[in-house]
Every structure is written in structure tokens, then in C-alpha cells.
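> no sequence on hand, only this structure:
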């Protein structure tokens with residue numbers, strides 16, 4: 001199996017050196033860029049499997065960097081490094097396509113666990129579709145599991161890898177009300193903190209992509225006090 005490649009965009013050289021040594025010892029290829037410009041330039045060659053992105057960069061806002069990465073290649077996973085205790089950066093980052101986040105300061109082992117979880121989700125989704133129907137259709141909504149494409153009346157919808165997995169998990173259980181814990185269990189992602197609203201952020205992003213009116217959704221419905229349900233009957 002080819003070595004998975006990681007790119008860290010981080011202006012703290014000491015931190016990047018420590019992280020790089022740890023991740024290389026864990027079997028990953030690792031490249032460091034000290035600013036946004038050099039990081040984006042590195043993405044123009046052979047794109048990495050995952051970018052570790054600091055949001056506090058000297059030459060560009062990290063959220064803008066995340067947008068550019070996802071616009072250039074949505075398949076590249078992005079793990080954001082955010083300031084501890086600043087939920088707004090985290091929420092905005094998830095809304096614009098980041099796959100996960102980790103507050104600073106962090107333990108290298110936790111970073112490794114997050115990286116493995118993000119990369120595993122994509123690998124599991126790619127390898128588990130052999131026995132599943134290739135395309136699920138719900139009215140105008142189509143979910144192609146093999147190509148990992150969601151479309152409305154033939155027009156592609158932009159979703160991150162994690163958001164695609166969430167949508168597939170809901171659609172496979174259409175008509176069933178699922179709690180947030182059940183949804184996270186279904187996608188086998190990382191356990192979120194008890195009061196973490198990240199699932200709600202992702203659901204909002206999915207609704208923006210697949211609903212005609214995200215404020216009055218018809219496909220993914222909220223069941224107050226319980227969770228979410230994917231509607232069986234759709235236009």
C-alpha cells in the first residue's frame with residue numbers, strides 16, 4: 001500500500017518539526033510549509049492525502065486557505081488546528097469544508113488518532129460499497145456511493161467526505177429517527193464531546209447543499225429533543 005502523505009501548513013517551525021518526527025515514525029510521509037503561500041504551492045504538485053492546517057498564519061487567514069484547498073481538490077482532507085476555547089473558528093471551518101479540527105495545545109497521539117480517523121472514513125467508504133446498490137434515489141436526489149457524488153436533478157452537490165458519509169448513513173436508515181450518538185456510531189467516526197455541536201454544523205452544511213430551502217428542510221428533518229430523520233418520500 002502506498003505511503004499516505006501529509007502536509008502541515010504551520011508557521012511554528014518547532015511544533016512542525018516535533019509533529020513531523022512523530023508522524024514519520026508512525027509511517028506517514030510528511031511535508032511542512034511555513035506559510036499559506038508555500039502550502040498552497042505544494043498542493044499544485046502531487047496533492048497529499050491530508051492537510052494539517054493552522055488557522056493562524058502570517059500571510060493569509062487559515063479559513064481562506066481551507067476554502068482554496070477544497071475548491072482546488074475537494075478530495076484532500078483538511079484537519080484544522082484551532083485556538084483552544086474558540087468555537088467560532090471551529091464551526092466556520094466545518095461549514096466551509098474542513099473534515100475535522102483539533103484545539104491547540106494538543107498531544108501528538110491525539111493528532112495521530114484524528115488523522116487516522118479522517119483517512120479511515122474515506123478508505124472504509126471506498127471499500128464497503130461492493131455489496132451496496134451503487135446509486136440510491138430519493139426523488140430528485142441521487143447518492144452515488146461508488147463515485148461518492150450527491151446530485152439534485154443531475155447537478156452535483158458539494159459535500160466533504162465526512163458529510164457524504166453522514167448523508168449515506170441517514171439515507172440507509174430512511175424513516176428512522178436517529179440520535180446524534182447513533183449517527184456518529186453509524187459513520188464510525190471519532191467520539192465527539194458530550195456537548196459538541198459539530199454534528200449539527202455538518203447537518204446544516206448538508207441541508208445547504210441538498211435542500212431547496214435549508215430553513216424549511218424536506219429531506220433531513222429535525223426531531224426536537226431526539227435527533228434527525230431522513231424522509232423516505234421526497235419530491
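Cool, the structure landed. On a predicted model such as this, the values are computed, not experimentally measured, just so you know.

> which positions in stretch 200-217 come out as buried?
Using 16 or more other CB atoms under 10 Å as the burial criterion, the residues of stretch 200-217 that qualify are 201, 202, 203, 204, 205, 206, 207, 209, 210, 211, 217. Every C-beta, even on glycine, is put in place using the N, C-alpha and C of the backbone.

> how about those residues in CSV, adding secondary structure?
Listed next are the buried residues of stretch 200-217 as CSV, based on DSSP: H, G, I helix; E, B strand; the rest coil:
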residue, secondary structure
201, helix
202, helix
203, helix
204, helix
205, helix
206, helix
207, helix
209, helix
210, helix
211, coil
217, coil
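
> ok, of the residues you listed, which one's closest to residue 64?
residue 205 (17.7 Å; CB to CB).

> and the closest one, what does it touch?
94, 95, 159, 160, 163 (CB atoms under 8 Å, 6 or more residues apart in numbering).

> what's the single longest helix in the protein?
The longest helix of the chain (DSSP state H) is helix 108-127.

> tell me which residues are up against the helix or strand hosting residue 186.
Assigned by DSSP states H and E, residue 186 belongs to helix 180-187. Identification of contacts with helix 180-187 by CB under 8 Å, 6+ apart yields 121, 162, 165-166, 169-170, 172-173, 178, 191-192, 199-200, 227-228.

> okay, now the sheet partners of the following helix or strand past the longest helix of the chain, with direction.
The first helix or strand that comes after helix 108-127 along the chain, using DSSP H and E, is strand 135-138. Within its sheet, strand 135-138 is paired with strand 141-144 (antiparallel), according to DSSP bridges.

> can you name the next helix or strand after the partner strand?
Moving toward the C-terminus from strand 141-144, the next helix or strand (DSSP H and E) is strand 149-152.

> coming back round to it: may I ask which of the contacts of residue 205 has the most neighbours?
residue 94 (25 neighbours; other CB atoms under 10 Å).

> go ahead and confirm it touches residue 101.
Yes - using CB atoms under 8 Å, residue 94 is in contact with residue 101, at 7.0 Å.

> nearest residue to the residue nearest the centre of the chain other than its sequence neighbours?
Nearest to the mean C-alpha position of the chain, by CA atoms, centre = their mean, lies residue 99 at 2.2 Å. Nearest non-adjacent residue to residue 99, counting by CB to CB, 6 or more residues apart in numbering: residue 77, 4.6 Å away.

> which ones are touching the one you found?
When contacts are counted by CB under 8 Å, 6+ apart, residue 77 touches 49, 50, 51, 99, 100, 118, 119, 122, 161.

> at 10 Å instead, please
Residues in contact with residue 77 (CB atoms under 10 Å, 6 or more residues apart in numbering) are 6, 48-52, 69-70, 97-100, 115, 118-119, 121-122, 160-162.

> before we move on, what about residue 10?
Residue 10 makes contact with 16-17, 19-20, 32-35, 39, 52-54, 56-57, 62, 81 under the criterion CB under 10 Å, 6+ apart.

> mind checking which of the contacts of residue 77 are in strands?
Among the contacts of residue 77, the ones falling in strands (DSSP state E) are 6, 50, 51, 52, 100.
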